[in-house]
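Enquirer: Show me the folded form of this:
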Amino acid sequence: LTADPDKRELYRYDTYAREGLDSFAAMGALERSQGVTFVALKPDAVAGRRCRQLLNVLYEEGWFPLAATPVRFDPLLTRELWRYQFNAASQQRIAVVDHLLGSGPSLLVLLGDARRPAWMPASVRLTAAKGSADPEAARGRDLRTRIGRVNGLFNFMHTADDPADVVRELQLFSYQTGWQWCREALTCDGPGQPPAPGSGPAHDLLPQLEATIPQHDLDLALSLRRLERGTDAWAELATTAAAPEHIGAWLAELARTPLPYGSARWDVLSVVTGWIDCNEPGVTPLLPTSSA
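Expert: From the prediction side, this is the model:
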């Protein structure tokens, strides 16, 4: 399930990987883990109305939805999903990430792959194609660039790096979602049949998610201008501390003041995600993403 020797060793003792292996084995789906993967469309993708665009780009590149379900990130799920990468997260990123991922539902989509070569798992091909979360590492044709990645946290999507992560992470999600939503797709033979473009289980659920998260431009400068017109603590910061060097004041306010509701919430998130440093300098994740 993985070509990474460090991952093989760590996952031998990882609770979620072990339970995931049992779950997939019980469904007769271990072999299927090579041919499927998933994408989690995060709340910023819903707010920025990137979900349809992302699903369409995936479809153009050969990935198509087999099943989908809403899912909600909480602080524990976030830390356990990225257990072997979060060691490199900065204190600033840790202070912001739960406010972002907790802003509403995400959409978990199981994907088939119509174009994978026999020697490359679907998850590995998608990992190679999606591009870095960091805009400075962007490539012209990577998926995140094509859908308009904004910054290191407004990057819209999470995927599994390889089949070992498909197994481990779907197990983590299963504590909330169960397996019924994807069991049939995981246990059928072959890649499955692509739905017509713009249709299928993921598209059917998007109106439900968009009804809970207001549309937003995710633009830092425009967000500051809107916040300035308010009368709360965020308005004061937007007026007196409207520069990246004041990020400490914004994070201090974030720690003591509930975020506003609606569009103003995304104004604040647009500012703080645009100014934070996401990673600790010189710290390598315990399990960095391997090359395809």
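Enquirer: Is Asp98 in contact with Arg79, as I believe?
Expert: No. Using Cβ atoms under 8 Å, Asp98 is not in contact with Arg79, being 9.3 Å away. C-beta here means a position set from N, CA and C on the backbone, and glycine is covered the same way.
Enquirer: What residues of stretch 219-228 count as buried?
Expert: Neighbour counts over stretch 219-228 (16 or more other Cβ atoms under 10 Å) mark Asp219, Leu220, Ser223, Leu224, Arg226, Leu227 as buried.
Enquirer: Please enumerate the helices of the stretch 151-292 of the chain.
Expert: Per DSSP state H, counting those that start in this stretch, the stretch 151-292 of the chain carries helices over the ranges 163-177, 180-187, 201-210, 220-228, 233-240, 247-256, 263-275.
Enquirer: okay, the fourth one in PDB with CA atoms only?
Expert: Meaning helix 220-228. Extracted in PDB, the C-alpha atoms of helix 220-228 (Å, rounded to 0.1, in the frame of the first residue of the first chain):
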ATOM      1  CA  LEU A 220      -7.600  39.900   1.600                       C
ATOM      2  CA  ALA A 221      -7.700  43.600   0.500                       C
ATOM      3  CA  LEU A 222     -11.500  43.600   0.000                       C
ATOM      4  CA  SER A 223     -12.000  41.800   3.300                       C
ATOM      5  CA  LEU A 224     -10.100  44.500   5.200                       C
ATOM      6  CA  ARG A 225     -12.200  47.200   3.600                       C
ATOM      7  CA  ARG A 226     -15.400  45.500   4.600                       C
ATOM      8  CA  LEU A 227     -14.200  44.900   8.100                       C
ATOM      9  CA  GLU A 228     -13.300  48.600   8.500                       C
END
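Enquirer: looking just at contacts, which helices and strands does it meet?
Expert: helix 233-240, helix 263-275 (3 or more Cβ pairs under 8 Å, 6 or more residues apart in numbering; DSSP states H and E).
Enquirer: What residues of stretch 198-206 count as buried?
Expert: For stretch 198-206, by 16+ other Cβ under 10 Å, it's Gly200, Pro201, Ala202, His203, Leu205, Leu206.
Enquirer: now those residues as TSV including pLDDT and distance to Trp266?
Expert: Shown next, in TSV, are the buried residues of stretch 198-206 (pLDDT from 0 to 100; distance: Cβ to Cβ, whole Å):
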residue	pLDDT	distance to Trp266
Gly200	87	27
Pro201	91	27
Ala202	95	22
His203	95	23
Leu205	97	21
Leu206	97	18
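Enquirer: Looking at those, which one is closest to Thr159?
Expert: Closest approach to Thr159 among the buried residues of stretch 198-206 (Cβ to Cβ): Ala202, at 13.9 Å.
Enquirer: my guess is that closest one contacts Ala68, does it?
Expert: Yes. Taking Cβ under 8 Å as the definition, Ala202 is a contact partner of Ala68 at 4.1 Å.
Enquirer: Pull up the overlap in contacts between those two.
Expert: Residues touching both Ala202 and Ala68 by Cβ atoms under 8 Å, 6 or more residues apart in numbering: Leu107, Val109.
Enquirer: still on that earlier bit, identify, out of the helices and strands packed on helix 220-228, the most deeply packed stretch.
Expert: Sort the helices and strands packed on helix 220-228 by mean neighbour count, taking mean count of other Cβ atoms under 10 Å, and helix 263-275 sits at the top with a mean of 23.
Enquirer: any idea of the mean pLDDT for it?
Expert: When pLDDT is averaged over helix 263-275, the result is 97.
Enquirer: Run the chain-centre distance for it.
Expert: 18 Å (Cα atoms, centre = their mean, to the nearest Å).
Enquirer: what angle sits between that helix and helix 220-228?
Expert: In terms of direction (axes from the mean of the first three to the mean of the last three Cα atoms, to 10 degrees), helix 263-275 departs from helix 220-228 by 130 degrees.
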